[in-house]
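> Fold the following.
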Amino acid sequence: MFILISCWQQTKVKNKIEDRMDETYADAAVSITITTLTDALAFFIGILTPFRSVQVFCIYTGTTVLLCYIYNITLFGAVLALNGRRESANRHWLTCMKVSNEVLPDHTKAFNACCVGGAFDQTTGTEEPHPMSLFFKEYFGPFLTNTWTKVFVAFLYGGYLASSIYGCSQIKEGIDLRNLANDKSYVNSYYDHQDAYFNNYGPRVMVVVKDEVPYWNITISSAIETCMQHFENLFYVEKNLSESWLRIFTQIAGINSSTSETEFRRNLFEFVKNIPVFTLDINNVSTIISSRFFIQTVNITDAVAEKNMVNKLRDTANKCSVTLLVYHPAFIYFDQYAVIIINTVQNVLIAAGAMLVISLLLIPNPLCCLWVTFAIASVIVGVAGFMAYWDVNLDSISMINLVICIGFSVDFSAHISYAFVSNRNPNANERAVDAVHMLGYPIIQGAVSTIIGVVVLAAADSYIFRTFFKIMFLVILFGALHGLVFIPVFLTFFRSCSKSEGNEKKSIKSQITPDNGDNTLSSLSMNRYVLSPESHANHAYNLEIPNAQKHIKANNISRLKQKAYADPDCP
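Numbers count the residues shown, from 1 in each chain. The predicted model follows:
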């Protein structure tokens, strides 16, 4: 939306509405199409994750991005056209009443500001430039393209990248269960006390015999006991704290090869009658459809230990001759750790590859497409690295936000790259200045408005909301930093990022030839080479060639040759 407004403001006020809309969409439509497709694609790629919560979020968000795009190119464009009619009729912005074109000297400045219309830049024919746009054109752009500034930016990016990579190596996996509750919930005090007094012990895990088996069979009961011993021999299990009703029953009643089913059931009824607590571990004492045992886990110090513990328990259960299931309610969170890194890297790589393809289709320069993809990867690395500095773990919550990061990280860099490529100015520094002049203020508007929209979440009592704010803040900050500083500077290092400057240079050279020593243009249809801005929107350059022919002075043709062949700023 901000891009459309910026391009609209750079059209000539006195032009027809159709021409103004044509210029606006010519400058902005491709740019916002690139960012919309990449945003929506990033979210839809997130559907590949096995986490249902992430899938639902990505479906709704990707669909929302597409609907916003349709709204911008249809309804918002129609509003711009209506506003253009209001401007051409010189009607007031609020009351839509016709107002005077001239400032009335006998009225106050406040009255003239509110009740006088028709003001625009008489030189360019466009609306008066915003002070921020002038700042980017007159101060920020030239400062950014200064040689020493480029060197500083290169070192700044090196420091950014180094700190980000180090942060990625320090990021922690896993989610603290207390983060799923409100900060004031009693759950937090429960886990605080558990960490203070029982931090040596992990979850008490159930070992479930799922099928109906003949427990009175000495072979079956011995196999179950063997499996329990295998569990107890694991590093993550304390053998002296296991709880097995079958083990105690065998010690009291005894099971041997001569034990019958009738005898077993009779003894079992007496057993649970005297020790009723085991009734909860046997499903239907008369038939024993299923039963359970307990093992106590230990040495659980972090998320990696939790992941390894679950994997060891499941591997041991699979090796048992009796069908067993190990379960604890917290396993639903521990299961994330096994796939969270793989899925995050997978989503990032697939999204980056897909965005590269889209960029190649819509941005007419392969090298600049690579820069857009590079910016995506750079922002993601920065966000992931600084997550560690801001105490945000890699879990399903932050994974959702990293999917957002993939989408939003392309916005700023794609706009700047496309504006740079679309500009035909042969000077790379001037193309960079034009790009930040045209898009610097819209980028600031988009960044600030997004941060203002989520800043209230910084004071929320929920870890989920605070994490959303932290990652969104990092995404917008680093995305804007890449779009306004890093990418414009890096593009000037590779001056071939222009869709037509090579052809233009050849055209200029072919037009300038000596004619029998008289220093004339040999072509009958051209007599001078004039650089003039094609439009205020992209400051493109073109050749103005009248149909007359005349001789020009030797110093003029020499100057033209020098500009075409020897200009150091002309790649």
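
> Against which helices or strands is the helix or strand Val205 falls within packed?
Using DSSP states H and E, Val205 sits in strand 201-209. Where contact means 3 or more C-beta pairs under 8 Å, 6 or more residues apart in numbering; DSSP states H and E, strand 201-209 is packed against helix 218-232, strand 290-298, helix 303-319, strand 324-327. For every residue, glycine as well, the C-beta is placed using N, CA and C.

> That strand vs strand 290-298, what angle?
The directions of strand 201-209 and strand 290-298 differ by 160 degrees, with axes from the mean of the first three to the mean of the last three C-alpha atoms, to 10 degrees as the criterion.

> Excluding chain neighbours, what is closest to Ser6?
Excluding its sequence neighbours, the residue lying closest to Ser6 (C-beta to C-beta, 6 or more residues apart in numbering) is Pro442, at 4.6 Å.

> Could you do Val209 as well?
Ser291 (5.2 Å).

> Ala253 versus the one you found, what's the distance?
Ser291 is 15 Å from Ala253, where distance means C-beta to C-beta, to the nearest Å.

> next one: Ser286
16 Å.

> Mind checking which of the two has more residues around it?
More neighbours surround Ala253 than the other of Ser286 and Ala253, with 15 against 9 (other C-beta atoms under 10 Å).

> and the nearest residue to Lys172 once chain neighbours are set aside, what does it touch?
Excluding the flanking residues, the one nearest Lys172 by C-beta to C-beta, 6+ apart is Asn393, at 4.7 Å. Contacts were defined as C-beta atoms under 8 Å, 6 or more residues apart in numbering; by that measure Asn393 touches 171-176, 303, 387.

> Could you report the distance from Asn393 to Phe469?
Applying C-beta to C-beta to Asn393 and Phe469 gives a distance of 16 Å.

> before we move on, the earlier item: what's the closest of the contacts of Asn393 to Leu234?
Ala303 (18.3 Å; C-beta to C-beta).

> Can you report phi and psi for the spatially closest residue to that closest one that is not a sequence neighbour?
The shortest distance from Ala303 to any non-neighbouring residue, by C-beta to C-beta, 6+ apart, is to Gly174 (2.5 Å). Dihedral pair for Gly174: phi 100, psi 160, per degrees, to the nearest 10.

> how near is Gly174 to Ser398?
11 Å.

> same deal with Arg292?
As defined by C-beta to C-beta, Arg292 lies at a distance of 35 Å from Ser398.

> Same question for Ala435.
Taking C-beta to C-beta, one finds Ala435 at 33 Å from Ser398.

> cool, and Leu325?
30 Å.

> more neighbours, those two?
Higher neighbour count among Leu325 and Ser398: Ser398, with 24 against 13, using other C-beta under 10 Å.

> Off-centre distance for whichever strand or helix holds the more buried one?
Following DSSP H and E, the helix or strand that holds Ser398 is helix 396-422. Chain-centre distance of helix 396-422: 5 Å, with C-alpha atoms, centre = their mean, to the nearest Å.

> Then stretch 439-459?
15 Å.

> Tell me which of the helices and strands packed on strand 201-209 sits most buried.
strand 290-298 (a mean of 20; mean count of other C-beta atoms under 10 Å).

> now that one against helix 303-319, angle please.
150 degrees.

> quick one: the residue positioned nearest the centre of the chain from Met1, how far?
Central residue of the chain (C-alpha atoms, centre = their mean): Cys405, 1.6 Å from the mean position. Per C-beta to C-beta, Cys405 is found 21 Å from Met1.

> How about Ile288?
According to C-beta to C-beta, Ile288 and Met1 sit 67 Å apart.

> When the two are compared, which one has more neighbours?
Between Ile288 and Met1, counted using other C-beta under 10 Å, the more crowded position is Ile288 (18 against 15).

> Could you list the buried residues of the helix or strand encompassing Ile452?
Per DSSP H and E: Ile452 is located in helix 428-454. Within helix 428-454, the residues that qualify as buried are 428-447, 450-451, 454, counting by 16 or more other C-beta atoms under 10 Å.

> same deal with stretch 135-151?
Neighbour-count burial for stretch 135-151 flags 135-137, 140-141, 144-145, 150 (criterion: 16+ other C-beta under 10 Å).

> can you give me the end-to-end distance of that stretch?
22 Å (C-alpha to C-alpha, to the nearest Å).

> Now do it: distance to the chain's middle.
Per C-alpha atoms, centre = their mean, the centroid offset for stretch 135-151 relative to its chain is 28 Å.
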